[in-house]
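# give me the fold of what follows.
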Amino acid sequence: MSHYTNYSGYYTPPSSFKFFPKGMKFLLISTTAVFLFQVFLQLGIRIGDIYLYNVFFRLFALFPLGNGFLIWQPVTYLFLHGGFFHIFFNLLALWFFGVELENVWGTRRFLGYYFLCGVGAALSNLLLTPLFTTPLPTIGASGAIYGILLAFGMLFPEAPVYIYFLFPIKAKYFVSIFIAIELFYGVTGTENGVAHFAHLGGAFVGFIYLLYYRRSIPAFGRLADYFSRKKDSIVNSVRPKRKYADKKVISDVQFTDIRKRDKSDYGSVSQARLDEILDKISASGYDSLTEEEKKILFNASKKLN
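Numbering: from 1, shown residues only. Here you go, the predicted model:
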C-alpha cells in the first residue's frame with residue numbers, strides 16, 4: 001500500500017507513514033484477544049450447569065430492542081466475531097483501508113470515527129432491520145469498517161483498490177458498488193444472516209460525519225463554527241496566564257504577518273479574500289477550508305516564498 005496524498009487536487013504536507021499506528025494496533029490486538037477468548041469459552045467452559053459462552057454472548061452481542069438489549073452492546077458487539085474467516089476479512093479490510101486514514105487524521109480522530117460508525121451501524125440495525133426481516137443478535141465490526149471504507153473512498157477517490165489482488169478499480173467505484181450491493185440485499189431481505197442495515201448504517205453515519213467535517217452542508221458548517229467558537233472561548237477563559245521571569249528571552253524572534261504583504265504578492269487573489277480564509281482558519285482550523293480555499297492559500301504561500 002502506498003501513501004496517497006495528492007488525489008484531492010492540492011498539495012498536502014507529507015506526514016510520517018506508519019503501517020501499524022497506535023489506534024490500528026489497539027483495534028487489531030483487542031479484537032483478536034476477544035475472539036480468542038470467545039474460542040476458549042466455546043470449548044465448553046461451564047460453572048455448574050451454566051455454559052459461560054452463552055452468558056458472554058448474551059451480555060456483549062447486539063440483541064434486538066426489547067429482547068435482551070443492553071445499553072453497552074452497541075459498542076461491545078464490534079469486538080465479537082462468528083468465526084475465523086469473519087474476523088480475518090474484517091481485520092484485513094480494517095487495516096488495508098484504515099491505516100491510511102489514521103496516518104492522515106491521527107489516532108484520536110480515527111478511533112472516534114471508527115466507534116461513531118460502529119454505534120451508528122448498531123442503531124441502524126436495531127431500528128431498520130425489523131422493518132424488512134426478523135431481527136437477530138448481531139456481532140462483528142463490519143458496520144464500523146463500512147464507515148472506514150466510505151471515508152477512504154471519499155478522501156482518496158482515485159486510489160486503486162485491487163480486487164483479489166489482481167484487478168485494479170478506483171476507490172470511488174469500489175465503494176459505490178459495495179454500498180449498492182448492501183442496499184439491494186438489505187431491502188430485498190436476501191442473503192439472510194448478514195446485517196446489511198448495520199453495514200449501511202455505518203457508511204451513512206460516516207458520510208454525515210465527513211460532510212459535517214468538510215462543512216459541505218451549510219447548516220452543518222454554521223453549527224460546527226458555532227461550537228468551535230464556543231470551545232475556544234471556554235478554553236481561553238480557563239487557561240491560566242503564564243508568567244515569565246525574563247521577558248527578553250525571545251526578544252530576537254522575527255515574524256512576518258502575511259496579512260500586511262503587498263497585494264501583488266498573491267497574484268489574482270484579493271487581500272479581502274485571503275483575509276477571509278485566514279480568519280476561517282483562526283476560527284475553525286485548517287481542515288475547515290474547502291479545496292478551493294486550500295488551493296488559494298497554498299498558491300499564496302508559494303508567492304510569499
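# C-alpha only now, for contacts and for neighbours.
Fine.
# give me the buried positions along the helix or strand hosting T76.
Using DSSP states H and E, T76 maps to helix 73-76. Residues of helix 73-76 classed as buried: Q73, P74, V75, T76 (neighbour count, 16 or more other Cα atoms under 10 Å).
# which of those residues sits closest to T133?
When the buried residues of helix 73-76 are compared for distance to T133 (Cα to Cα), P74 wins out at 19.7 Å.
# rounded mean pLDDT for stretch 37-44, please.
For stretch 37-44, mean pLDDT is 92.
# which positions in that stretch come out as buried?
Q38, V39, L41.
# try stretch 285-301
So, applying 16+ other Cα under 10 Å, buried residues of stretch 285-301: S288, L289, E293, K294, K295, I296, L297, N299, A300.
# same check on stretch 93-103?
A93, L94, W95, F96, F97, G98, V99, E100, L101, E102, N103.
# okay, stretch 168-186 in CSV with CA atoms only?
What follows is stretch 168-186, C-alpha atoms only, in CSV (Å, rounded to 0.1, in the frame of the first residue of the first chain):
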residue,chain,number,x,y,z
PRO,A,168,-7.5,-2.6,-10.1
ILE,A,169,-10.5,-0.4,-9.6
LYS,A,170,-10.7,3.2,-8.4
ALA,A,171,-11.7,3.5,-4.7
LYS,A,172,-14.8,5.7,-5.5
TYR,A,173,-16.2,3.0,-7.8
PHE,A,174,-15.3,0.2,-5.4
VAL,A,175,-17.1,1.8,-2.5
SER,A,176,-20.2,2.7,-4.7
ILE,A,177,-20.5,-0.9,-5.8
PHE,A,178,-20.3,-2.3,-2.3
ILE,A,179,-22.9,0.2,-0.9
ALA,A,180,-25.3,-0.6,-3.8
ILE,A,181,-25.0,-4.4,-3.1
GLU,A,182,-25.7,-3.9,0.6
LEU,A,183,-28.7,-1.7,-0.2
PHE,A,184,-30.1,-4.3,-2.6
TYR,A,185,-29.6,-7.2,-0.1
GLY,A,186,-31.0,-5.1,2.8
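# tell me which helix or strand L91 sits in.
L91 belongs to helix 84-105, assigned by DSSP H and E.
# which elements pack onto that helix?
Applying 3 or more Cα pairs under 8 Å, 6 or more residues apart in numbering; DSSP states H and E, one finds that helix 84-105 makes contact with helix 22-41, helix 107-132, helix 142-155.
# contacts for the helix holding T76, please.
L59, F60, A61, L62, F63, F115, G118, V119, A122, L123 (Cα atoms under 8 Å, 6 or more residues apart in numbering).
# and which of these is nearest to I169?
Looking across those and measuring by Cα to Cα, the closest to I169 is G118, at 26.2 Å.
# contacting residues around the closest one?
For G118, counting by Cα under 8 Å, 6+ apart, the contacting residues are P74, V75, L78, A141, G143, A144, I145, G147, G202.
# what about it, distance to Q38?
As for G118, its distance to Q38 is 20 Å (criterion: Cα to Cα, to the nearest Å).
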